[in-house]
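Colleague: what follows is a protein structure lacking sequence information:
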């Protein structure tokens, strides 16, 4: 009679289950990390957000001044601030205006693929 090695079989099954769980977790995490999004809001900067600090300037002028001083373009949408990456020339023209931005969202950063004025 052949003896069965139950400990070896149990280890193999546990290892297979663990690999499956980790693979699914990583796939889910990747999907949650980078998602295609379309957000509508107002173009601002990462420092001022919805409330501009330069009271003697328009929201567009304040945004452009802050970006020139090293801040990033941002979007205020649904009371949340998203940092925008890419398409800076278009964002500069649309500063202070309501826009729809399409891109890949990773955390609170939206990599801009397309931006257009919105009503």
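Modeller: Looks like it arrived, so ask away. Just so it is clear, the structure is predicted and the values come from calculations on it, not from any experiment.

Colleague: just the endpoints, please. Distance across stretch 53-70?
Modeller: Start to finish, the residues bounding stretch 53-70 are 15 Å apart (CA to CA, to the nearest Å).

Colleague: pull out the buried positions in it.
Modeller: Of the residues in stretch 53-70, those with enough neighbours to count as buried (16 or more other CB atoms under 10 Å) are 59-60, 62-67. (Each C-beta comes from the backbone N, C-alpha and C, glycine too.)

Colleague: now do stretch 103-119
Modeller: Result for stretch 103-119 [16+ other CB under 10 Å]: buried residues 103-105, 110-112, 115.

Colleague: helix or strand with the lowest mean pLDDT in this structure?
Modeller: Across the helices and strands of the chain, mean pLDDT, DSSP states H and E gives its lowest value to helix 6-33, namely a mean of 58.

Colleague: ok now the helix or strand following that one, how far from the chain's centre?
Modeller: Next helix or strand after helix 6-33 toward the C-terminus (DSSP states H and E): strand 35-45. Counting by CA atoms, centre = their mean, to the nearest Å, strand 35-45 is centred 9 Å from the centre of its parent chain.

Colleague: now do strand 35-45: which elements does it pack against?
Modeller: Using 3 or more CB pairs under 8 Å, 6 or more residues apart in numbering; DSSP states H and E as the contact test, the elements touching strand 35-45 are helix 59-68, strand 73-77, strand 80-85, strand 98-106.

Colleague: mind giving me TSV with the ones you listed and columns for distance to residue 53 and mean pLDDT?
Modeller: Conversion of the helices and strands packed on strand 35-45 to TSV gives the following (distance: least, CB to CB, whole Å; pLDDT from 0 to 100):
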stretch	distance to residue 53	mean pLDDT
helix 59-68	7	95
strand 73-77	14	97
strand 80-85	14	96
strand 98-106	21	96
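
Colleague: in a markdown table: the ones you listed, plus distance to residue 37.
Modeller: Supplementary listing: the helices and strands packed on strand 35-45 in a markdown table, determined by distance: least, CB to CB, whole Å:
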| stretch | distance to residue 37 |
| --- | --- |
| helix 59-68 | 21 |
| strand 73-77 | 10 |
| strand 80-85 | 9 |
| strand 98-106 | 4 |
